[in-house]
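Participant: take a look and give me a structure for this.
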Amino acid sequence: VDEEFFVLAGELILDDVRYSSKGYAHLPAGFTSRHRSSPGGAVVLNFYSGEPNVLDSAAECDERRLVTHVDGLAGEWGGNFHPKFPPGAGRKLLRRDPVDGEETWLLGTMPLRSGRRAEKHPVVEEMYLLSGELVGPLGVMQAGCYFWRPPEEWHGPFGSLTGNLMLFRTKGGPLSTVYTEHETDFSWKPAHA
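Facilitator: Residues are numbered from 1 along each chain as shown. Sure, this is the predicted structure:
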């Protein structure tokens, strides 16, 4: 099965590649590794496309889908990636699958930023909150929180008093967003908090 991981803390060594905090990889089904270790320990967020099993023989690996290593602390971040997305956020793409279009990215927002429109997507969207907080209509998420959202589910708007860093993934294709036409008031104290 496909394996995707993001190092939250510590260091992971996969063959000759070192993944420290914010290190990322996507290993397609059939990827073969000779050695994995973490001499000092690591906290790693793993995602699998099914139940992982060790294969007795080598399987075919689609090299086009392999993302060997991305350092989340290095490289450029993109700015406004949708005209209705509220300003004050940056996005760092970690993976866009050339076969199915699924994406994984980091999203960081500045403190006191909030949106005014609900949104939905045609694909599954999941998020792990790496740091900070996220305020939405259903309450306040803190670092370590996770959500999985089915396609076409309206959600938001969201904001953050502290700013935040989030890891997002889509399942079923690339992210596209539909926003409501009309803005709504944002509440820093949702009824469900």
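Participant: every contact and neighbour count from this point should use C-alpha atoms.
Facilitator: OK.
Participant: quick check: pLDDT value at residue 142.
Facilitator: Here the pLDDT value assigned to residue 142 is 97.
Participant: residues touching the nearest residue to it once chain neighbours are set aside, list them.
Facilitator: In space, and not counting its chain neighbours, residue 142 is closest to residue 133: 4.6 Å by C-alpha to C-alpha, 6 or more residues apart in numbering. By C-alpha atoms under 8 Å, 6 or more residues apart in numbering, the contact set of residue 133 is 140, 141, 142, 143, 160, 161, 162, 163, 164.
Participant: chain center to the longest strand seen in the chain: distance?
Facilitator: The longest strand of the chain (DSSP state E) is strand 124-136. In terms of C-alpha atoms, centre = their mean, to the nearest Å, the centre of strand 124-136 is set 9 Å apart from its chain centre.
Participant: mind listing what's buried in it?
Facilitator: Buried residues in strand 124-136, counting neighbours by 16 or more other C-alpha atoms under 10 Å, are found at 124-136.
Participant: what strand or helix carries the most centrally placed residue in the chain?
Facilitator: Nearest residue to the geometric centre of the chain (C-alpha atoms, centre = their mean): residue 168, 2.1 Å. Per DSSP states H and E, residue 168 falls inside strand 164-171.
Participant: what's the angle from that strand to strand 124-136?
Facilitator: Relative orientation of strand 164-171 and strand 124-136, computed by axes from the mean of the first three to the mean of the last three C-alpha atoms, to 10 degrees: 160 degrees.
Participant: what residues are up against residue 97?
Facilitator: 65, 103.
Participant: quick one: it from residue 172, how far?
Facilitator: For residue 97, the distance to residue 172 equals 11 Å [C-alpha to C-alpha, to the nearest Å].
Participant: where does the protein dip in pLDDT?
Facilitator: 56-58, 80-81, 193 (pLDDT under 70).
Participant: was I right about residue 172 contacting residue 123?
Facilitator: Yes. Using C-alpha atoms under 8 Å, residue 172 makes contact with residue 123 at a distance of 5.4 Å.
Participant: kind regards, and thank you for your time.
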